[in-house]
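S.K.: sequence and predicted structure are below.
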Amino acid sequence: MKTMFMLFALVVAAAATGTPARAQNYPWCAIYNAGDNGSNCGFTSFPQCMADVSGIGGFCERNNTYVPPGGPARRRAK
């Protein structure tokens, strides 16, 4: 019983102090020609995407939902 309580407390503490999860956003998508014509929009460069589809069929295209990350926040002058 004590072990269950400790496990529960650990999970609650981790959830309370963790950073919020965010979806990854990458600029290149692989569109596969095999099977169900799936896709994977998890590539940071065109060559990386092309290496993934090489030999299995498919092509790469820009991710039309990609939003580049913002730069560091600028401080306002007082």
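M.R.: Yep, that arrived.
S.K.: got the residue ranges for the strands in this protein?
M.R.: In the chain, the strands defined using DSSP state E lie at 28-32, 39-43, 58-62.
S.K.: winner for burial among those strands?
M.R.: strand 28-32 (a mean of 19; mean count of other C-beta atoms under 10 Å). (Glycine included, C-beta is placed from N, CA and C.)
S.K.: which strands or helices does it pack on?
M.R.: Packing partners of strand 28-32 (3 or more C-beta pairs under 8 Å, 6 or more residues apart in numbering; DSSP states H and E): strand 39-43, helix 46-53, strand 58-62.
S.K.: hmm, back to that, okay, the strands of the chain in CSV with distance to Asp52 and mean pLDDT next?
M.R.: Formatted as CSV, the strands of the chain follow (distance: least, C-beta to C-beta, whole Å; pLDDT from 0 to 100):
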stretch, distance to Asp52, mean pLDDT
strand 28-32, 5, 95
strand 39-43, 7, 94
strand 58-62, 8, 95
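S.K.: would you reformat these as CSV and include distance to Arg74?
M.R.: Output for these, formatted as CSV (distance: least, C-beta to C-beta, whole Å):
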stretch, distance to Arg74
strand 28-32, 29
strand 39-43, 30
strand 58-62, 28
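S.K.: give me the low-pLDDT residue ranges for the chain?
M.R.: The chain contains residues with pLDDT under 70 at 1, 4-6, 11-24, 34-35, 78.
S.K.: run the last query once more with 90
M.R.: 1-25, 33-37, 55-57, 67-78 (pLDDT under 90).
S.K.: show me the contacts for Gly58.
M.R.: Ala30, Ile31, Tyr32, Asn33, Ala34, Asp52 (C-beta atoms under 8 Å, 6 or more residues apart in numbering).
S.K.: quick one: contacts for the second one?
M.R.: Translated: Ile31. So Ile31 contacts Asn37, Ser39, Val53, Gly58, Phe59, Cys60, Glu61 (C-beta under 8 Å, 6+ apart).
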